[in-house]
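Colleague: My questions concern the predicted model and sequence given below.
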Amino acid sequence: MDDASNFLTSAANHRFSDGEDAAAEDEEDEDDLCDVETWETLSKSFREVQSVLDRNRCLIQQVNDNHRSKNPDNLAKNVALICEINGNMSKVVGLYSGLSANLSAAARRKSNIED
């Protein structure tokens with residue numbers, strides 16, 4: 001994911017100079033800045049989501065191990081583990097909701113810049 005993020009940031013920073021006037025260059029700078037900020041925000045959010053999903057993968061493995069052991073203490077621990085998994089999924093939903101809002105806002109800003 002970091003490679004994709006770096007590529008997109010690099011692409012957003014890349015500028016072509018074809019003799020445009022200063023006002024057009026300022027607009028392009030503002031557009032590039034918007035793109036860079038958008039990609040940085042999206043990349044950060046995707047890293048957070050991935051971190052939570054990785055944690056859930058570990059928790060699910062632990063729940064499976066506890067279940068296979070059939071040890072009453074381990075089975076009792078699964079209640080707390082499953083509650084944590086559930087809470088983590090709520091975090092993921094919130095993060096994706098934020099991603100959607102950020103992406104929509106970025107699209108509106110870009111549309112306003114182009115108008």
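Modeller: Everything's here; your move.

Colleague: Only C-alpha atoms from now on, for both contacts and neighbour counts.
Modeller: Fine.

Colleague: residues near Arg73, how many?
Modeller: In this structure residue 73 is Asp, not Arg. By the criterion of other C-alpha atoms under 10 Å, Asp73 has 10 neighbours.

Colleague: Got the phi and psi for it?
Modeller: According to degrees, to the nearest 10, the main-chain angles of Asp73 amount to phi -60, psi -40.

Colleague: Kindly list the longest helix within the protein.
Modeller: In terms of residue count, the longest helix belonging to the chain (DSSP state H) is helix 22-69.

Colleague: for the chain, what are the low-confidence residue spans?
Modeller: Low-confidence segments of the chain (pLDDT under 70): 1-34, 115.

Colleague: Roughly how far does Trp98 sit from Val92?
Modeller: Trp isn't right for residue 98; it's Gly. 10 Å (C-alpha to C-alpha, to the nearest Å).

Colleague: Around Trp109, how many other residues sit close by?
Modeller: One thing to correct before we go on: residue 109 is Arg, not Trp. Arg109: 15 surrounding residues under other C-alpha under 10 Å.

Colleague: no, scratch that, I was asking about Ala105
Modeller: The number of residues packed near Ala105 is 13, by other C-alpha under 10 Å.

Colleague: Secondary structure element holding it?
Modeller: Element membership for Ala105 (DSSP states H and E) is helix 72-114.

Colleague: I'd like to know which elements that helix is packed against.
Modeller: Contacts defined by 3 or more C-alpha pairs under 8 Å, 6 or more residues apart in numbering; DSSP states H and E place helix 72-114 against helix 22-69.
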